[in-house]
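Undergrad: Take this sequence and fold it.
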Amino acid sequence: MRRMRALAALAVLALLPLPALAQQAPATGSARVSYKVLPYVKASVTPNYQSGFGPIGGLGSGSTPAVGSGAVLDGGTVDFGNVVVGYQYLYKYAAQVNVQTNDTSGFIVYAEGATDLNGSNPTPSPATYPLFQTLYWLVSNAANTAFSPATSFNSTTSGTPLGVNGANGISYPGSPPGSASVWSTTTAGTLAEGYDYQLRLSSAMPTSQFNVYIVYTVVGN
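TA: Prediction:
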């Protein structure tokens, strides 16, 4: 019965003259819409990111090495070329970290060596040399020199290198250690930070061609 009465009422309304319908108070109300946007962080690293990249200094040796053949603008490797044991060098515009995020809490960038320095051609004995207090980083600045204050890279102790000598990065069970932090911000957007590298060669370092993968990891706050 209720359904039949409702149909009858609709029929009566349909037959009312237009002026009568116009006098009816319009129905008003409001709606509240809630939504969530998932935060994202995208990052990339560009070696030799600016014209003028490469080693300078050799301070104390009286020579500046030519950049190695593996280094090219906006790519390649950070290649100090032939350097002299016992002296210090600065590599300008070694790497730039580029980050895109919509997270207003920002992010932290970490950097560690996947291993210590690996020697080859000839292979020294032992085959590795400590990364700590050999290769350093500092934020790019035109005033940087081979003697500017800088922070030493460390080889990872909490992560697992992936691929040969960490060529595919580092796998962490959680976040990298706080000591590996190189950049922290609470800003969202498209951001970039450039780094120079500093090489301090101990007189005890054997003659060899050394290489290491520096891995940058970006974690949202």
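
Undergrad: can you list the weak-confidence ranges in the chain?
TA: 1-26, 35 (pLDDT under 70).

Undergrad: which strand in it runs the most residues?
TA: Taking DSSP state E as the criterion, the chain has its longest strand at strand 88-101.

Undergrad: Show me what counts as buried in that one.
TA: For strand 88-101, the buried set under the neighbour-count rule, 16 or more other CB atoms under 10 Å, comprises 88-99, 101. Every C-beta, even on glycine, is put in place using the N, C-alpha and C of the backbone.

Undergrad: Could you single out the nearest of those to Gly119?
TA: Nearest to Gly119 among the buried residues of strand 88-101 is Tyr89, at 17.8 Å by CB to CB.

Undergrad: Ignoring the adjacent residues along the chain, who's closest to Thr128?
TA: Counting by CB to CB, 6 or more residues apart in numbering, the nearest residue to Thr128 once its immediate chain neighbours are dropped is Asp116, at 4.4 Å.

Undergrad: and the one you found, how many neighbours?
TA: For Asp116, the tally of surrounding residues (other CB atoms under 10 Å) stands at 20.

Undergrad: In this structure it contacts Pro130, no?
TA: Yes: with the criterion set as CB atoms under 8 Å, Asp116 and Pro130 qualify as a contacting pair; they are 5.5 Å apart.
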